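# Coordinates for the following, if possible.
(one chain, ligands or ions: 2)
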Amino acid sequence: MLRLIDITHGYGPARSRTQVLDRVSLVMPSGQMWALTGASGSGKSTLLNLIGLLDRPQSGAIELAGQRVSGIEASEAAKVRNRLIGFVFQSFHLLPRLSAWENVALPLVHRGIGRAERRHAAMEQLERVGLGDRLHHRPEEMSGGQRQRVAIARALVTQPRLILADEPTGNLDSESGAMVMALLRNINRETGVSILMVTHDAVLARSCDYRVQMQDGRIIQNATGQ
Ligand code: ADP
Ligand code: MG
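Numbering: from 1, shown residues only. Ligands and ions are numbered 1, 2, ... in the order given. Below you'll find the model as predicted:
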């Protein structure tokens, strides 16, 4: 379960700070797939960065899997992130010099897992996303949809509890986007991992269990997918 309690956040020095998030609270039960929608600049990525422990809220609290994570030290935050969270970004964020399996295995390097075991785990996840025959391809040798599937395999390789996906279909044509979405849905159903996904696509949002809409740093609407 993910719980946000009165999250307020802004950027810049205190005197001239622009407030980006204004008392955001929500409770997301485990195992669900949620869509986060809202106009550009409404604070969606800021919220995902806070949940993903890439940044710390100015006030309020975040609880993840029963642990209060909002106030912890940076080194501890990195460990919690590696253990509980997987990220998927609009622009994939793959390392160009590494092969597909090496990209997928990267989060395991930080866990001190040996190369053979890393490779095995990466292969397993690449097979799950339908890229078992692309282990040695580099990102530039793959289509956008394939790159995003590699990124999803990388997010899964640590067996996280929560996947944060920031416009994962934003750089894809509609066919690849639909495929990535269907893949995320399958993974959610099969593994029970929670997924919080930013999207501008109303059809994709409607296919999620729940939708949260933001406007000017506040949640203005919650709706179930039905
Ligand atoms: P969204 O993802 O919904 O488009 P963001 O969370 O990226 O919105 O941005 C919300 C607001 O915060 C915007 O006005 C944006 O310009 C501002 N912002 C985002 N990141 C930073 C930053 N690192 N420094 C200063 N302002 C930022
Ligand atoms: Mg954004």
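# And the pLDDT for the closest residue to ligand 2 within the chain?
Per CB to the ion, residue 45 is where the chain lies closest to ligand 2, at 3.2 Å. In short, each C-beta sits where N, CA and C put it, glycine included. On pLDDT, residue 45 comes in at 97.
# quick one, what contacts it?
Residue 45 sits next to 166, 198 when contact means CB atoms under 8 Å, 6 or more residues apart in numbering.
# Just the element for it, please.
For residue 45, the host element (DSSP states H and E) is helix 44-51.
# just how off-centre is that helix within its chain?
10 Å (CA atoms, centre = their mean, to the nearest Å).
# Check which residues of the helix or strand following that helix are buried.
Heading C-terminal from helix 44-51, the first helix or strand you meet, by DSSP H and E, is strand 59-64. Across strand 59-64, burial judged by 16 or more other CB atoms under 10 Å covers 60, 62, 64.
# which residues are contacting strand 59-64?
Contacts of strand 59-64 (CB under 8 Å, 6+ apart): 1-9, 23-25, 50-51, 53, 68-71, 80, 84-85, 161-162.
# Parallel or antiparallel, list what pairs with that strand.
strand 2-11 (antiparallel), strand 67-68 (antiparallel) (DSSP bridges).
# Restrict that strand to CA atoms and write it as PDB.
Extracted in PDB, the C-alpha atoms of strand 59-64 (Å, rounded to 0.1, in the frame of the first residue of the first chain):
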ATOM      1  CA  SER A  59       6.000  18.800   4.200                       C
ATOM      2  CA  GLY A  60       3.700  15.800   4.600                       C
ATOM      3  CA  ALA A  61       4.500  12.100   4.700                       C
ATOM      4  CA  ILE A  62       4.800   9.100   2.400                       C
ATOM      5  CA  GLU A  63       4.300   5.500   3.500                       C
ATOM      6  CA  LEU A  64       5.300   2.600   1.300                       C
END
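# angle of that strand against helix 44-51?
Strand 59-64 runs at 70 degrees relative to helix 44-51, counting by axes from the mean of the first three to the mean of the last three CA atoms, to 10 degrees.
# for the record, mean pLDDT for strand 59-64?
Per-residue scores along strand 59-64 average to 96.
# Same check on stretch 33-42?
The predicted model assigns stretch 33-42 a mean pLDDT of 96.
# can you give me the end-to-end distance of it?
21 Å (CA to CA, to the nearest Å).
# on that earlier part again, any of the contacts of strand 59-64 buried? List them.
2, 4-5, 7, 9, 24, 50-51, 53, 69-70, 80, 84-85, 161-162.
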